[in-house]
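Colleague: coords below, sequence missing:
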Ligand code: HPA
């Protein structure tokens, strides 16, 4: 049976409970992925794991080679990708510590290599991105959260900014008017590239701060990391429950 691939974000250098079996350096037509692909067991089930920011090097969101990452993952026997993203909360319900399973995305990034389509072979690739996240995979993750008693907000709009700076308060207000519930920097073009490769993809967003202008604390990486460390265990439990559901 094909395995699941997990893409970890900030603060998820290693998955809690992950036992590494092998590390696979991969070369792709787009260059090397952020890190060799880790093959291992999570709760006894084989998975492939990639830390998108690399490790120990910290590749900033705008410099990640998303194409190489997705291409490398699809070279293994995988049938879905679950991505983990740290985000800031915009809508009132997206308090620090919440988990969100977004069902929509708005892409504010620019200048990233965002497609495999270079007009090769005379084919144009206009993927259907009406529903950017795979609905069956989302249902399975929601079921896994319910089974494990983990609160997972079932839908929301994931706004993705260019970074690496955080947003201005006015930018966050504009995103709120656009309908964004959370803001992160790494959700795109990852989701679209997975769709181009026809790999079911869903994202689990961890709210690690109130977005700019909405909280009463200064935004620091240290405070975000503290929340991430706490939430990483919850995300690992969610993934374990999800893998048990597939077995
Ligand atoms: N904005 C953008 N990206 C983020 C944030 C944020 O507030 N928090 C974590 N990643």
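Modeller: Sure, I can see it. Note that the structure is a prediction, hence the values are computed from the model and not measured.
Colleague: can you pull the contacts of residue 129?
Modeller: Each residue near residue 129 by C-beta atoms under 8 Å, 6 or more residues apart in numbering is listed here: 192, 195. (Each C-beta comes from the backbone N, C-alpha and C, glycine too.)
Colleague: what's the distance between it and residue 187?
Modeller: According to C-beta to C-beta, to the nearest Å, residue 129 and residue 187 sit 13 Å apart.
Colleague: cool, and residue 27?
Modeller: With C-beta to C-beta as the criterion, residue 27 and residue 187 are 26 Å apart.
Colleague: okay, these two: which has more neighbours?
Modeller: Neighbours per residue (other C-beta atoms under 10 Å) separate residue 27 from residue 187, with residue 187 holding more: 28 against 12.
Colleague: quick one: pLDDT of the more buried one?
Modeller: With respect to pLDDT, residue 187 scores 98.
Colleague: Likewise for the one 3 residues further on?
Modeller: At residue 190 the predicted local distance difference test score is 98.
Colleague: Run through who's touching stretch 17-34.
Modeller: Where contact means C-beta under 8 Å, 6+ apart, the residues beyond stretch 17-34 that reach it are 36-43, 46-47, 49-54, 59, 64-65, 67-69, 71-73, 75-76, 113, 236, 240.
Colleague: swap the cut-off to 7 Å and go again
Modeller: Under the criterion C-beta atoms under 7 Å, 6 or more residues apart in numbering, residues 36-43, 49-54, 59, 64-65, 67-69, 71-72, 75, 236, 240 lie in contact with stretch 17-34.
Colleague: Now, the residues you listed that are in helices?
Modeller: Counted as lying in helices by DSSP state H, out of these, are 67-69, 71-72, 236, 240.
Colleague: what about residue 111, distance to the ligand?
Modeller: As defined by C-beta to the nearest ligand atom, to the nearest Å, residue 111 lies at a distance of 17 Å from the ligand.
Colleague: Oops, could you answer that again for residue 180 instead?
Modeller: As judged by C-beta to the nearest ligand atom, residue 180 and the ligand stand 10 Å apart.
Colleague: and the nearest residue to that residue once chain neighbours are set aside, what pLDDT?
Modeller: In space, and not counting its chain neighbours, residue 180 is closest to residue 159: 3.4 Å by C-beta to C-beta, 6 or more residues apart in numbering. For residue 159, the pLDDT comes out at 98.
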